[in-house]
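**Student:** no sequence for this one, just the structure:
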Ligand SMILES: [Zn+2]
């Protein structure tokens, strides 16, 4: 074994969903090389997905709480989660499971937004949508994927927890006020969307 890698200690395996759609999350006790903190496997994905710890601090303007990314050749996928979300995974918090499943939803739905021009375009559309009181279709579809696994109430709880944390993060003055308002409004609309589905289910 490469001595720089250190030893690998497995914390736990979390299994989500039922047969056929099962997702396994192998979680390590601590990061090994390049921030790798776990591995996600499912028949739904073409290959294993690396779970990596997001580095940087919430005060950085390009900080991302959770993301779905891929390598340059597009072959190896990875999900990045910040430290608090990874801690939350260990206790299976609604917030952490929801964010993870949302990002995996993007992967299953093949929603790929490349860094650069592609992302700029995506972000522009996203901002315009939010300003007119809407959320991008691909975001709602990724949320629906998470709902299939967690159920609606836990998903709503997860989004509320996420919103509270976004508020706390964004209170630092490094953030541009307008961007903060867009992010919070978007999370609010996502909650409303799930609540409307919940309401329909009950009626
Ligand atoms: Zn998303």
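**Tutor:** Thanks, I have the structure now. In this text, all values refer to a predicted model and were calculated from it rather than measured experimentally.

**Student:** and residue 36, how many neighbours does it have?
**Tutor:** 16 (other CB atoms under 10 Å). (Glycine included, C-beta is placed from N, CA and C.)

**Student:** Write down the beta-bridge partners of it, one by one.
**Tutor:** residue 52 (DSSP bridges).

**Student:** In this structure it contacts residue 50, no?
**Tutor:** Yes - in terms of CB atoms under 8 Å, residue 36 counts as a neighbour of residue 50; the distance is 5.8 Å.

**Student:** Who are the packing partners of the helix or strand containing residue 129?
**Tutor:** Assigned by DSSP states H and E, residue 129 falls within helix 117-131. Applying 3 or more CB pairs under 8 Å, 6 or more residues apart in numbering; DSSP states H and E, one finds that helix 117-131 makes contact with helix 177-202.

**Student:** Give me the buried positions along the helix it packs on.
**Tutor:** 180, 182-183, 186-187, 189-191, 193-194, 197-198 (16 or more other CB atoms under 10 Å).

**Student:** next one: stretch 147-163
**Tutor:** Residues of stretch 147-163 classed as buried: 147, 149-150, 152, 154-163 (neighbour count, 16+ other CB under 10 Å).

**Student:** Mean pLDDT per element in this structure, and the minimum belongs to which helix or strand?
**Tutor:** Lowest by mean pLDDT, DSSP states H and E among the helices and strands of the chain is strand 66-70, with a mean of 76.

**Student:** So which residues of this protein form strands?
**Tutor:** 10-16, 23-28, 36-42, 49-53, 66-70, 77-81 (DSSP state E).

**Student:** what angle sits between the last one and strand 49-53?
**Tutor:** Between the direction of strand 77-81 and that of strand 49-53, the angle (axes from the mean of the first three to the mean of the last three CA atoms, to 10 degrees) works out to 30 degrees.

**Student:** Please list all residues in contact with the residue most central in space within the chain.
**Tutor:** Centroid check for the chain by CA atoms, centre = their mean gives residue 99 as the closest residue, at 3.4 Å. Residue 99 is in contact with 65-66, 81, 85, 158, 162, counting by CB atoms under 8 Å, 6 or more residues apart in numbering.

**Student:** Go through these and say which is closest to the ion.
**Tutor:** Sorting these by distance to the ion puts residue 66 at the head of the list, at 8.2 Å, by CB to the ion.

**Student:** Quick check: the gap between the residue nearest to the closest one when sequence neighbours are not counted and the ion.
**Tutor:** Spatial nearest neighbour of residue 66, excluding adjacent residues (CB to CB, 6 or more residues apart in numbering): residue 99 at 4.3 Å. Separation of residue 99 from the ion (CB to the ion, to the nearest Å) stands at 9 Å.

**Student:** With residue 98 instead?
**Tutor:** For residue 98, the distance to the ion - CB to the ion - is 11 Å.
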